[in-house]
Structure formats: C-alpha cells, structure tokens
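Enquirer: One predicted model, sequence on top.
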Amino acid sequence: MFAFNPRDLQRMLKRMGVRVEPLNVEMAELTLDDGSKLVFRAPQAMVITARGQPPMVYLVGEFEKVEPKAEGGVEVSEEDVRLVAEQAGVSLEEARRALIEAGGDLAEAILRLREGRTGG
C-alpha cells in the first residue's frame, strides 16, 4: 500500500484538475426509490469536482436505514425491527407490523407479539 503525504496528494489532484472540498456535516439523508432513507449522523463528507464532470459528493460513516412512514405515520428503523423480531421470536415483517401498530413503541410491540395480539 502506498503512503501519501496529504499535501502532496492535494497538489497532485490539483494538477489533474480535481478539486476536493471538505464539508462540515452534522447529518445527511438519502431518500431511496422505495421511500426508505439512509440517515448518516456526523459523516465525513466532501465535494469532489473534476474538470468536465459533474460534482460528486462523498459520504463516509455509519448510517441507519429508516423505512417510509406507514399508514399510521410511524417511521420504523431496521434496527428496531430486528430487535423486536429477535426479542419476540418472529419474522421481520411481523415485527415491522407490530411496531407500526404500537406507534413505534418497542416494548409494546414485543408484548403484543408475545401475547399474540397483532392484526394480520
């Protein structure tokens, strides 16, 4: 693997017509075509511009996938769905449905599933 001095790398990119601008970002959201979102919290971000090319935004960091709001207007994260499914011993779809019915309340969803009180 090559080790680059950051200053040398910047000079080399500049000679090639590539500009890199770091961004101070607290949060970034990407909305996917299925309506779900990827939410990045405190990512490293930069805009890369090369001659003759559209600007590119580069995000690096942990993200959470958030499902679209359901009929009840409740956003349910994949992490919450997995937790409820694991705790109640049910499928991901059953856990998602129970979370929506419980208004996003994890404990309520788990109790409903354990007691068999979910619709569907």
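Expert: Arrived safely, thanks for sending.

Enquirer: Three-state assignment for R19, please.
Expert: strand (DSSP: H, G, I helix; E, B strand; the rest coil).

Enquirer: Let the chain start at 763 from now.
Expert: In the new count, where the first residue is 763, that last one comes out as R781.

Enquirer: Secondary structure element holding the nearest residue to it once chain neighbours are set aside?
Expert: Of all residues not flanking R781 in the chain, T811 sits nearest, at 4.5 Å (C-beta to C-beta, 6 or more residues apart in numbering). (C-beta placed from N, C-alpha, C; glycine too.) According to DSSP states H and E, T811 maps onto strand 806-812.

Enquirer: Same check on R876?
Expert: In the assignment (DSSP H and E), R876 maps to helix 868-877.

Enquirer: tell me which residues of that helix are tucked away?
Expert: Across helix 868-877, burial judged by 16 or more other C-beta atoms under 10 Å covers 868, 870-872, 874-875.

Enquirer: chain center to that helix: distance?
Expert: With C-alpha atoms, centre = their mean, to the nearest Å as the basis, helix 868-877 stands 25 Å off its chain's centre.

Enquirer: do the same with stretch 852-866
Expert: Relative to the chain's own centre, stretch 852-866 is displaced by 19 Å; criterion: C-alpha atoms, centre = their mean.

Enquirer: Pull out the buried residues from it.
Expert: For stretch 852-866, burial by neighbour count (16+ other C-beta under 10 Å) applies to 852, 856-864, 866.

Enquirer: Right, I'll leave it there.
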